[in-house]
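Enquirer: Here is my input, please return the structure:
(4 chains)
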2 protein chains.
Amino acid sequence: MVTINDVSRRAGVSRSTVSRVIADNGYVSDAKRKLIEAAIAELGYRPNTMARGLRSNRSNIIGGVVVDVASPFYAQMVGGMQAAARAAGKSVLIASGYADQAAESRAIIELIDRSCDGLLLYLENPIREDVAEIIRSSRTPVVTIGGDEYPVARAAVRIDNYTGALEATRHLLAHGHRRIAYLSGGLMYRDTRDRLRGIRAALQEHGLALDDIYVEHGDFDERFGFAGARRLLESGYPATAIFAGDDDVAAGALLALKEAGIRVPDDISLMGFDDNFHARHLTPSLTTIRQPVGEAGGLAANLLIRILAGHAPEQAEITIDAPLVRRDSVGIAAAGLRRREMSKLAR
Amino acid sequence: MVTINDVSRRAGVSRSTVSRVIADNGYVSDAKRKLIEAAIAELGYRPNTMARGLRSNRSNIIGGVVVDVASPFYAQMVGGMQAAARAAGKSVLIASGYADQAAESRAIIELIDRSCDGLLLYLENPIREDVAEIIRSSRTPVVTIGGDEYPVARAAVRIDNYTGALEATRHLLAHGHRRIAYLSGGLMYRDTRDRLRGIRAALQEHGLALDDIYVEHGDFDERFGFAGARRLLESGYPATAIFAGDDDVAAGALLALKEAGIRVPDDISLMGFDDNFHARHLTPSLTTIRQPVGEAGGLAANLLIRILAGHAPEQAEITIDAPLVRRDSVGIAAAGLRRREMSKLAR
DNA sequence: GTGAAAGCGCTAACAT
DNA sequence: ATGTTAGCGCTTTCAC
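Expert: Okay, here's the model as predicted:
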């Protein structure tokens, strides 16, 4: 193994000087720098990251916690983080929190113990106080993505769920929909609450309130979409549009509607949220709100990199637009689900 | 910061004894172990991974290279790696190779420089000789997933593309299809060649050769599927089934067929490969071959963990089945694309 | 501008 | 079964 000693000997200088060259800090004369660079190239020297890390207390690794790397949504976010980190010569170590507070806590502690220079956190739970204390005492800067206010965060990237839901609802209203069914996520999530505010604001513009539409809460998954849509049909509520909590919920709802012989968007319109991987592939292709997750991951990483470089970011909170993506699942409001159509549901 | 010195002082033992407890190697009396564990808990001691790594030359980090973490296919693979690693108390550091030899080389070197204990490699290119030399001289064990034979690999996990394609083709043949169009991937990939062998074997069982069907090569993406399907329709070849190189290609082909007013599976059947995230969501849902990528990632990680623990794996090469997933896009062979249907294509 | 010296926190011979 | 000792490869004062 080639060490800094070999390089210094070969170049005829001291280790300190070599160190100054590879870490690019301190003054080194051009002549010696050239000599050292040549020695490095000839010997194929690559600095030992462990030794550097131990001594300097920096690893050039950024830690990231997402809900689950295996899911396309978070994979894209991780992709954004990695691209930004790579551009700054850093790597990203990822741990999954699985929307579970204990797992999230373990993930954070592990990343800190791995000497991550900073943390990118997408959590589904508040940070446990003992974990917050570990973060503080290790003086690890944190940038959060989405979610609540975290007291340990030095900066935050947020996706504008409020305006996203507002625009989605306006889009439905503009197509004449008044009887809307919202298959919402759980109220424990800030995203859910933000979206609900957006929906309320849009309804208000038409003199409507949240009570005037159909709202049901459940999980952000296909099963809820399927079951929720069936319950809606059975309820007799004459919906002309379903606004799904996310694209998975939309996919489930679509399935239930198809099974009941109800056509989208002819009989009922369907709006999603996320612009997930399959949104384009549904039939009809799904009109939805795009959450720019890759961009969010990249922005958060860049924010953290600035902080690590000693530049406090000029804005500690960045909010990204969640734009409407018009596809084929929303149309002009039909008469609403009529009794005849609902009768198809008879088991 | 709490160090091993603080713990040893608190417990009234030497640092070595504490080290033996945290590394769980060597003999320590029950009495002292209890004392030490108590001291660790009271002080909230967490070992410094850099110092351990520097001294012991092990990091408990496994390095993984995939084509692109941001894509659902590889995200699932990474998920499998992480789950297996976590169960063994290790983390996974991921780098993307973007199917580019220079990027793959950089990724591998970076992971080695980060003192990864071992490497999990899913590559699209041969390993450059200088990189192979770095791997060898660092004595880092490598487990590959898919792809070619890599001389540096200590073990390999492979997905049985041959049998997958064989079964897929048999399934089409069993449904009466004889005029099949295969929209294949590029011949530089081993996977492609394996699948072609599988198709040939299945055809042979019915007295057919590869020359008896329609084959076109392109990229593994939706665009190729769309363009390839259009070219097929224009060619006048009376296909009763399209076998797509993967599910993305299938999605593109499906779009082209729909635009041409050709129904699946009534007018033509469609077979995919991968069982990617959107396969279920297509209409009709896609009959395809499932590549168990999460499982492959997990098995590879476990193989590597065994090697790292000093147990040479009993089998250096594991092949996983790629089973047929029957959905709705394959039906009984119709008359084939007739002239009338092809005329719909007129621009 | 450069070198000498002192460790970062830990592990692994070796001795007992 | 436990302690003593000697570094791992690097960075960073501090002199000069």
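
Enquirer: Which single residue of the stretch 151-300 of chain A ends up nearest DNA strand C?
Expert: A:Val152 (22.2 Å; CB to the nearest atom of the strand). (Glycine included, C-beta is placed from N, CA and C.)

Enquirer: in chain A, which spans are strands?
Expert: Using DSSP state E, the strands found in chain A span residues A:61-66, A:91-96, A:118-121, A:142-145, A:155-159, A:180-184, A:214-217, A:241-244, A:269-271, A:288-289, A:317-320, A:324-325.

Enquirer: which strands and helices sit next to the last one?
Expert: In terms of contact count using 3 or more CB pairs under 8 Å, 6 or more residues apart in numbering or on different chains; DSSP states H and E, strand A:324-325 is assigned the packing partners helix A:161-174, strand A:288-289.

Enquirer: who touches the shortest one?
Expert: This means strand A:288-289. A:164-165, A:167-168, A:247, A:250, A:271-276, A:279, A:322-325, A:327 (CB atoms under 8 Å, 6 or more residues apart in numbering or on different chains).

Enquirer: Out of the residues you listed, which end up buried?
Expert: Among these, those classed as buried by neighbour count (16 or more other CB atoms under 10 Å in any protein chain shown) are A:164-165, A:167-168, A:247, A:250, A:271-276, A:279, A:322, A:324-325, A:327.

Enquirer: Mind putting the helices and strands packed on strand A:324-325 into JSON lines with distance to A:Asp117 and mean pLDDT?
Expert: Output for the helices and strands packed on strand A:324-325, formatted as JSON lines (distance: least, CB to CB, whole Å; pLDDT from 0 to 100):
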{"stretch": "helix A:161-174", "distance to A:Asp117": "30", "mean pLDDT": "98"}
{"stretch": "strand A:288-289", "distance to A:Asp117": "34", "mean pLDDT": "98"}
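
Enquirer: Export these as JSON lines, with columns for distance to B:Leu255.
Expert: Shown next, in JSON lines, are the helices and strands packed on strand A:324-325 (distance: least, CB to CB, whole Å):
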{"stretch": "helix A:161-174", "distance to B:Leu255": "24"}
{"stretch": "strand A:288-289", "distance to B:Leu255": "18"}
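
Enquirer: out of those, deepest packed?
Expert: Among the helices and strands packed on strand A:324-325, ranked by average contacts under mean count of other CB atoms under 10 Å in any protein chain shown, first place goes to strand A:288-289 (a mean of 29).

Enquirer: Run me through the strand neighbours of that strand, direction for each.
Expert: Partners of strand A:288-289 in the sheet, by DSSP bridges, are strand A:324-325 (antiparallel).

Enquirer: Pull the residues that contact the partner strand.
Expert: A:Gly164, A:Glu167, A:Ala168, A:His171, A:Asp275, A:Ala279, A:Thr287, A:Thr288, A:Ile289, A:Arg290.

Enquirer: what's the neighbour count on the residue in the stretch 151-300 of chain A that DNA strand D sits nearest to?
Expert: The stretch 151-300 of chain A approaches DNA strand D most closely through A:Arg154 (21.4 Å), counting by CB to the nearest atom of the strand. Using other CB atoms under 10 Å in any protein chain shown, A:Arg154 has 18 other residues around it.

Enquirer: do A:Ser56 as well
Expert: 11.

Enquirer: Excluding sequence neighbours, find me the nearest residue to it.
Expert: Leaving out its chain neighbours, the residue that sits closest to A:Ser56 by CB to CB, 6 or more residues apart in numbering or on different chains is A:Ala23, at 8.0 Å.

Enquirer: Would you mind measuring from that neighbour to chain B?
Expert: 15 Å (CB to the nearest CB, to the nearest Å).

Enquirer: thinking again about what came up before, which pair in the contacts of strand A:324-325 spans the largest distance?
Expert: Pairwise distances across the contacts of strand A:324-325 (CB to CB) peak at 16.0 Å, for the pair A:Glu167 and A:Ala279.

Enquirer: Is A:Pro238 in contact with A:Ile180, as I believe?
Expert: No. Assessed by CB atoms under 8 Å, A:Pro238 is found out of contact with A:Ile180, at 10.9 Å.

Enquirer: Of the two, which one has the most company?
Expert: Neighbours were counted for A:Pro238 and for A:Ile180 using other CB under 10 Å; A:Ile180 has more, 25 against 17.

Enquirer: show me the contacts for the more buried one.
Expert: Contacts of A:Ile180 by CB under 8 Å, 6+ apart are A:Thr169, A:Leu172, A:Ile213, A:Tyr214, A:Ala239, A:Thr240, A:Ala241, A:Ile242, A:Phe243.

Enquirer: And for it, nearest residue in space, chain neighbours not counted?
Expert: A:Ile213 (4.5 Å).

Enquirer: Could you report the neighbour count for the closest residue to chain B within the stretch 201-347 of chain A?
Expert: Closest residue of the stretch 201-347 of chain A to chain B, CB to the nearest CB: A:Thr283 (3.6 Å). Using other CB under 10 Å, A:Thr283 has 16 neighbouring residues.
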